[in-house]
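*Asks:* Take a look and give me a structure for this.
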Amino acid sequence: MALKYGSNAFAITLLSVALAACGGSQSVPPQNVAAPQARGGSGSWMLPEAKGEDLLYASVQTTCCVTGGANVYVFAYPNGRKLVGELSVTSNIMYGLCSDRKGDVFVTDNSEPSGSGLYSYVYEYKHGGSEPSATFLDPWAADGCSVDPATGNLAVANWFTGGSEQTGNVIVYDGTTGRYTTYFDSKIPYVKWCAYDDNGNLYIDGADFGTQIAVLRKGETSFSNIELNYGEFLPDSLQWYHNRLLVTGYEGSIGPELLLEVGVRGTKGTILGRSFLRDYGHKWGADAQFVVRSGELISGGYPGYYLHAWPFPQGGRALRRLARTPDGWWYGVTISVALRKK
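*Replies:* Down below sits the predicted model:
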């Protein structure tokens, strides 16, 4: 992705809301929107050697707004403790993170100053870069994001779109043209997270009880809801990993974080594995994003003052405690892989 946007946010927002009200999916051309200035030069920094290392990016949510310092922290991976950079994206609250095969990182930012949750921006950073290389408008309240490994399309989950129904949706930016298409599922009112599989199918979950999971299959224009007979379960985050869908969440009102490994065939989901992530703050699911790589699962959880690495897939006690937040709690995480010279 390499599109930047300019001005006239209000007209585009009205157009997008009108299209979403029609149902199904709609395609909208690139917007000209005045995005808030990312504070690339005032507080953001990155060590020179970061560009040659694999990096763990983690966003921080505070009780309100960031008045100084960073809201995305960057650590060398797999160490996970060595701070190699900080991104002062905006003065607003950061949400989910995602990265593509080139190592570019996308940061979702819910920037509406009135507090209504509308509208948001997505900032793209090159691997190891301290300033955004592109900015994208999201006319709604962004949360999670995911990049299609085959096409480079960027999907952004919006948990809130305003109005009396207060439903969520997903927008997908075309990796070549920058046009975005809006998709929504009437059975999932609050869309929180999204994840592409290796074949370009897009999975979403909802922030409500009932194990709400759906898939937008490659080439289709509407979501298919997946049957997962698991009982009362509130999903937190999800990602695709080695031919199965991984979903974290919790059962009932309180308890350790639960990790489900789900096999998907058609509209039926089968539980292939189940484990708990115990200790170190995972006493209650708090919509925290997770990432899996090299036999470990990394997440913040709640209260989420520390990032932790759990053994995957067995779960149990955390393997190691990583960084502590200076303020607030960890929310989004992604691993950006450095491009190796052949």
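*Asks:* what about this structure, any weak spots by pLDDT?
*Replies:* 1-42, 62-70, 91, 111-118, 162-166, 207-211, 252-255, 279-287, 301-304, 340-342 (pLDDT under 70).
*Asks:* where do the helices sit along it?
*Replies:* Per DSSP state H, the chain carries helices over the ranges 9-21.
*Asks:* need the longest strand for it.
*Replies:* Scanning the chain for the longest strand, with DSSP state E as the assignment, gives strand 268-278.
*Asks:* what's next to that one, contact-wise?
*Replies:* 213, 226-228, 230, 244-245, 248, 256-264, 297, 299, 301, 310, 313-318 (C-beta atoms under 8 Å, 6 or more residues apart in numbering). Placement of C-beta: from N, CA and C, glycine included.
*Asks:* any idea how far the residue nearest the centre of the chain is from L245?
*Replies:* Nearest to the mean C-alpha position of the chain, by C-alpha atoms, centre = their mean, lies G144 at 2.6 Å. For G144, the distance to L245 equals 14 Å [C-beta to C-beta, to the nearest Å].
*Asks:* in the longest strand of the chain, what counts as buried?
*Replies:* By neighbour count on 16 or more other C-beta atoms under 10 Å, the buried set for strand 268-278 is 269, 275-277.
*Asks:* all strands of the stretch 51-200 of the chain, in order?
*Replies:* Secondary structure of the stretch 51-200 of the chain (DSSP state E, counting those that start in this stretch): strands at 55-61, 72-76, 83-87, 93-99, 105-110, 120-125, 134-138, 141-147, 154-160, 169-173, 180-183, 191-196.
*Asks:* Tell me which of these lies nearest to S44.
*Replies:* strand 83-87 (5.1 Å; C-beta to C-beta).
*Asks:* Contacts for the closest one next, please.
*Replies:* With C-beta under 8 Å, 6+ apart, strand 83-87 has contacts from 43-47, 49-50, 53, 55, 69-76, 107, 125, 128, 130, 323.
*Asks:* hmm, 6 Å instead?
*Replies:* Here strand 83-87 makes contact (C-beta atoms under 6 Å, 6 or more residues apart in numbering) with 44-47, 50, 70, 72-76.
*Asks:* Nearest to Y173, out of those residues: which one, please.
*Replies:* The closest of the contacts of strand 83-87 to Y173 turns out to be V72 (C-beta to C-beta; 20.1 Å).
*Asks:* Please name the residues that touch W310.
*Replies:* Contacts of W310 (C-beta under 6 Å, 6+ apart): 277, 297, 318.
*Asks:* closest to A195 among those residues?
*Replies:* L297 (14.2 Å).
*Asks:* That closest one: neighbouring residues, count only.
*Replies:* Neighbour count of L297, defined by other C-beta atoms under 10 Å: 26.
*Asks:* picking that back up, using PDB, write out the CA atom coordinates for the longest strand of the chain.
*Replies:* Only the C-alpha atoms of strand 268-278 are listed here, as PDB (Å, rounded to 0.1, in the frame of the first residue of the first chain):
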ATOM      1  CA  LYS A 268     -19.000 -25.700  10.400                       C
ATOM      2  CA  GLY A 269     -16.300 -25.200  13.000                       C
ATOM      3  CA  THR A 270     -14.700 -28.100  14.900                       C
ATOM      4  CA  ILE A 271     -12.700 -27.700  18.100                       C
ATOM      5  CA  LEU A 272      -9.300 -29.200  17.400                       C
ATOM      6  CA  GLY A 273      -7.600 -27.900  20.600                       C
ATOM      7  CA  ARG A 274      -8.300 -26.100  23.800                       C
ATOM      8  CA  SER A 275      -6.000 -24.600  26.400                       C
ATOM      9  CA  PHE A 276      -5.900 -21.900  29.000                       C
ATOM     10  CA  LEU A 277      -3.500 -19.000  29.300                       C
ATOM     11  CA  ARG A 278      -2.900 -18.600  33.100                       C
END
